[in-house]
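>>> got a structure for you, letters missing:
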């Protein structure tokens with residue numbers, strides 16, 4: 001048995017565990033149709049909520065993004081300041 005064959009199942013288990021660990025728990029996610037502004041490149045707007053945070057988050061990506069690029073944008077998103085009343089202030 002080669003060393004490569006012995007190591008491959010370990011990486012498969014590691015990849016599965018990493019997906020489970022880094023997966024976003026989305027409550028809802030919407031992707032807009034491509035929007036063509038009068039100037040510049042077309043883009044799409046993504047809106048999503050997390051199961052642990054009901055506040056809507058938004059992000060803009062180029063219209064020709066692949067699903068994996070969209071997933072990377074959601075994963076790396078840092079929420080900005082929130083203006084206006086909060087849901088838990090009631």
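Cool, got the structure. Since this is a predicted model, take the numbers as computed values, not measurements. Numbers count the residues shown, from 1 in each chain.
>>> hang on, residue 75 is in a helix, isn't it?
Yes. Counting by DSSP: H, G, I helix; E, B strand; the rest coil, residue 75 is found in a helix.
>>> Near it, how many other residues are there?
For residue 75, the neighbour count with other CB atoms under 10 Å is 10. To be clear about C-beta, it is placed using only N, CA and C from the backbone, and glycine gets the same treatment.
>>> got it, and residue 30?
11.
>>> And for stretch 46-58, what's in contact with it?
With CB atoms under 8 Å, 6 or more residues apart in numbering as the test, stretch 46-58 has contacts from 24-32, 45, 59-61, 70, 73-74, 77, 79, 82, 86-87.
>>> Could you work out the end-to-end span of it for me?
Start and end residues of stretch 46-58 are separated by 6 Å (CA to CA, to the nearest Å).
>>> and what of stretch 59-76?
Stretch 59-76 end-to-end distance (CA to CA) = 11 Å.
>>> Following element in sequence after the worst-scoring helix or strand of the chain on mean pLDDT, please.
Among the helical and strand segments of the chain, the one scoring lowest on mean pLDDT, DSSP states H and E is helix 3-22, with a mean of 55. Going down the chain from helix 3-22, the next helix or strand is strand 26-31, by DSSP states H and E.
>>> Note down every partner strand of that next one and its orientation.
The pairing partners recorded for strand 26-31 under DSSP bridges are strand 43-50 (antiparallel).
>>> I'd like the next helix or strand past the partner strand.
Downstream of strand 43-50 (by DSSP H and E), the next one is strand 53-62.
>>> and that next one, which strands flank it?
strand 43-50 (antiparallel).
>>> mean confidence score for the strand it pairs with?
The average pLDDT within strand 43-50 is 89.
>>> Same question for stretch 69-89.
73.
>>> Distance of the residue nearest to residue 35 when sequence neighbours are not counted relative to residue 78?
The spatial neighbour of residue 35 that comes closest, neighbours along the chain excluded (CB to CB, 6 or more residues apart in numbering), is residue 43 at 5.7 Å. In this view, residue 43 and residue 78 are 19 Å apart by CB to CB, to the nearest Å.
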